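# quick one: sequence and predicted model below, then my questions.
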Amino acid sequence: MTTYGIEFVPGAINVKQVVKYTKLAESKDIDYAWITNHYNNRHAYPTLAMIAANTDTIKLGPGIMNTFTDTPAAIASFAATLNEISDGRAILGIGPGDLSTLPKIAIQPVKPLARLREGVEQIRKLLTGEEVKKTGKMEFFDYDGAKLTGVTLPGKKGIPIYIGAQGPKMLELAGEIGDGALINASNPKDFEVAIPIIKQAMDKVGKKSFDVGAYTAMSIDMDEKKARNAAKIVAAFIAAGSPPDLLKRHNLDLNNVAKIKEALGRFDFKTVGGLVGDAEIDAFTIAGTPDMVKQKCEDLAKAGVTQIIFGSPLGPDMTTSIRLLGKYIV
């Protein structure tokens, strides 16, 4: 069974707008709301609290936290509080951290995989009410008597933890320690590579259930040209940040991608728009009419994706896009 999520970035839109759009998404039977977490935007914590207080059924959480800017103890306290406010609807997305952003705020992202593994282990213990004692076996978070005492704990059900994963090592870790994964990809080709890695890790630890989330770049509109134009800049940034192997997987022109990257560096978006074609849009986004989007979502489900997340930009008009997603896709 395929479930559906939606991503909102509290950057270009304010918190009240995020709440409004999430309520609309909930009314269209979208299952999950993921709120991005970047230091330069409005903070995910209060944004999620506002959403929790103004919705009834949609599951909600940060997409995603990391253990460089937030400690496992702080994340556990936040997750338990959000779960309490939302009457048990909290989810938690957590990953290695944005390796391009962290140095800008004087954080050196050393050993992100090992740090994440330890962080998730301590978060899980704290959410069960355990007093986490020093063991001498942890490099980053060897807590010495840490315990959540002033918040309602989630109980045996716990809070689902999704691992933000891209490369093979992080996908393997997700399969090992996560309840699900959030994978920034919109094309079945990428999941044909990712899902076997996850399943192999699951088999090693005897895990049977796992939610594979496709964190897509979505743009939907009744007008195909408008939808695809709205996806161009997102496709450009993804292409510019992709390694050569990924570009080759999608048969993209490396010279053209180099030109896109150079134009982005100059903030020359007019040139970028001229360089980004159908190849880049189809490789890195889901963009087009409802019929086109529906087919691509079905293709993702056939590839093994179990949660399709409608991510930025959503389309030329956000309200219209959410309504179209609810009517034709969900």
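Sure thing, it's come through.

# what are the boundaries of the helices in the stretch 101-250 of the chain?
112-127, 168-177, 188-205, 224-230, 232-240, 244-249 (DSSP state H, counting those that start in this stretch).

# show me what counts as buried in the fourth one.
For helix 224-230, a neighbour-count test (16 or more other CB atoms under 10 Å) marks 226-230 as buried. Glycine gets a C-beta too; all of them are placed from N, C-alpha and C.

# the closest residue to Met65 other than its chain neighbours in helix, strand or coil?
Sequence neighbours aside, Ile94 is the residue nearest to Met65 in space, at 4.8 Å (criterion: CB to CB, 6 or more residues apart in numbering). Following DSSP: H, G, I helix; E, B strand; the rest coil, Ile94 is assigned to strand.

# rewinding a little: between the buried residues of helix 224-230, which is closest to Ile308?
Taking CB to CB as the measure, Ala227 is the one of the buried residues of helix 224-230 closest to Ile308, at 16.6 Å.

# surely that closest one and Ser219 touch.
Yes. Counting by CB atoms under 8 Å, Ala227 touches Ser219, with 4.8 Å between them.

# next, show the common contact partners of these two.
The contact sets of Ala227 and Ser219 overlap at 287-288, 315-316 (CB atoms under 8 Å, 6 or more residues apart in numbering).

# widest-spaced pair of those?
Gly288 and Pro316 (12.1 Å).

# which of these two has more residues huddled nearby?
Gly288 (23 against 18; other CB atoms under 10 Å).

# mind listing the residues bridging to the more buried one?
Assessed by DSSP bridges, Gly288 has beta-bridge partners Ile220.

# distance of it from Met1?
25 Å (CB to CB, to the nearest Å).

# nearest to Met50 among the shared contacts of Ala227 and Ser219?
Closest approach between those and Met50, by CB to CB: Gly315, at 23.7 Å.

# ends of stretch 80-94, what's the gap?
End-to-end distance for stretch 80-94: 15 Å, by CA to CA, to the nearest Å.

# and for that stretch, what's in contact with it?
With CB under 8 Å, 6+ apart as the test, stretch 80-94 has contacts from 32, 34, 48-49, 52-53, 55, 57-67, 75, 79, 116, 119-120, 123, 127, 148, 151-154, 157, 159-164, 182.

# could I have the buried ones of the residues you listed as PyMOL selection syntax?
Here is the PyMOL command that selects only those of the contacts of stretch 80-94 that count as buried (16+ other CB under 10 Å):
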select buried, resi 32+34+48+49+52+55+58+59+60+61+62+63+64+65+66+67+75+79+116+119+120+123+127+148+151+153+154+159+160+161+162+163+164+182
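
# so of the contacts of stretch 80-94, which ones are in strands?
If you go by DSSP state E, the contacts of stretch 80-94 have 32, 34, 59-62, 65-66, 161-164, 182 in strands.

# out of those residues, who's nearest Lys16?
Distances from Lys16 to these, taken by CB to CB, are shortest for Leu60, at 15.9 Å.

# quick one: contacts for that closest one?
Contact partners of Leu60, counting by CB under 8 Å, 6+ apart, are 22, 32-35, 48, 51-52, 82, 86, 89-91.

# export the buried residues of helix 224-230 to CSV and append columns for pLDDT.
Formatted as CSV, the buried residues of helix 224-230 follow (pLDDT from 0 to 100):
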residue, pLDDT
Lys226, 97
Ala227, 98
Arg228, 97
Asn229, 97
Ala230, 97
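
# which one of those residues is nearest to Glu7?
Using CB to CB, Ala230 comes nearest to Glu7 of the buried residues of helix 224-230, at 15.1 Å.

# my guess is the closest one meets Gly288, correct?
No. Here Ala230 does not reach Gly288: they are 10.5 Å apart, not a contact under CB under 8 Å.

# what touches both of the two?
Counting by CB under 8 Å, 6+ apart, the common neighbours of Ala230 and Gly288 are Ser219.

# what's opposite Val132 in the beta bridge?
Ala146.

# begin at 10 from now on, thanks
Sure, I'll start counting at 10 from here, so that last one is Val141.
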